[in-house]
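K.L.:
I would like the atomic coordinates for the input below:
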Amino acid sequence: MNLRSRSKSHPELHAGALNDILFILLFFFLIVSTIANPNVIKLSTPKSKSDTKAKQTVVVSIDINNQYFVGTSKVSLEELKLKLQPLIEKERDEQPSVVINADKNVPVDNVVAVMRVARELGARTVLAVDKTGVQ
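P.N.:
Below you'll find the predicted structure:
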């Protein structure tokens, strides 16, 4: 007596919809990453031909109205050293750097003032520039 069934069924996994879901997630994260811009202070930076990358310990921005920002918080020039000191001290394993993100119409004296504060704290300075539009 043969009790085994003649038709054997094989379980199948339909993964056609999985590809669609993965592409939708990929597009979602691409769109969100372009919208989420960390530089929320709108500046027109100077142009440059060179491309130097530096590890950003802290970003100091100077807008067209000569207002100083550490990250996104507004500070005065007198408060700048007090705001930068704890951020620079926690990066003691290597040379900390202060990225100066200044509008191209800001007087050079304001940029040099930030450079002096960074030098007093033992950090190197990097001037952020825009590489697009340079001929």
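K.L.:
check this structure for its longest helix and report it.
P.N.:
Taking DSSP state H as the criterion, the chain has its longest helix at helix 16-35.
K.L.:
need the contact partners of the helix or strand Ile88 falls within.
P.N.:
Remark: Ile88 resides in helix 77-89, with elements defined by DSSP states H and E. Residues outside helix 77-89 that contact it (C-beta atoms under 8 Å, 6 or more residues apart in numbering): 57-58, 60, 68, 70, 73, 75, 96, 98, 110, 113-114, 117-118, 120-123. All C-beta atoms are positioned from the backbone trio N, CA, C, and that covers glycine.
K.L.:
please repeat the previous calculation with a cut-off of 7 Å.
P.N.:
In this structure, residues lying in contact with helix 77-89 by C-beta atoms under 7 Å, 6 or more residues apart in numbering are 57-58, 68, 70, 75, 96, 98, 113-114, 117, 120-121, 123.
K.L.:
how far away from the center of its chain is it?
P.N.:
Here helix 77-89 is found 20 Å from its chain centre; the criterion is C-alpha atoms, centre = their mean, to the nearest Å.
K.L.:
buried set for the helix or strand just after that helix?
P.N.:
For helix 77-89, the succeeding helix or strand toward the C-terminus, using DSSP H and E, is strand 97-102. Neighbour-count burial for strand 97-102, counted by 16 or more other C-beta atoms under 10 Å, picks out Ser97, Val98, Val99, Ile100, Asn101, Ala102.
K.L.:
which of the contacts of helix 77-89 are buried? Put it as a ChimeraX command.
P.N.:
In ChimeraX, a selection of the buried entries from the contacts of helix 77-89 looks like this (16+ other C-beta under 10 Å):
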select :57,58,68,70,75,96,98,114,117,121,123
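K.L.:
just for this protein, where's the confidence low?
P.N.:
Applying pLDDT under 70 to the chain flags the ranges 1-7, 36-56, 92-93, 130-135.
K.L.:
dump stretch 89-108 to CSV, restricted to CA.
P.N.:
Coordinates of each C-alpha in stretch 89-108 appear next as CSV, following Å, rounded to 0.1, in the frame of the first residue of the first chain:
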residue,chain,number,x,y,z
GLU,A,89,39.5,70.5,24.3
LYS,A,90,37.5,67.3,23.7
GLU,A,91,39.5,66.7,20.5
ARG,A,92,42.9,66.4,22.1
ASP,A,93,43.8,63.1,20.4
GLU,A,94,44.8,64.9,17.2
GLN,A,95,45.1,68.5,15.9
PRO,A,96,41.7,70.1,16.2
SER,A,97,40.5,72.4,13.4
VAL,A,98,38.2,75.3,13.2
VAL,A,99,36.5,75.7,9.9
ILE,A,100,35.7,79.3,9.1
ASN,A,101,32.6,79.6,6.9
ALA,A,102,32.5,83.3,6.0
ASP,A,103,30.5,85.2,3.5
LYS,A,104,32.7,86.6,0.7
ASN,A,105,31.6,90.2,1.6
VAL,A,106,32.7,89.9,5.2
PRO,A,107,35.8,92.1,6.1
VAL,A,108,39.0,90.2,6.4
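K.L.:
that's all I had, so thanks and see you.
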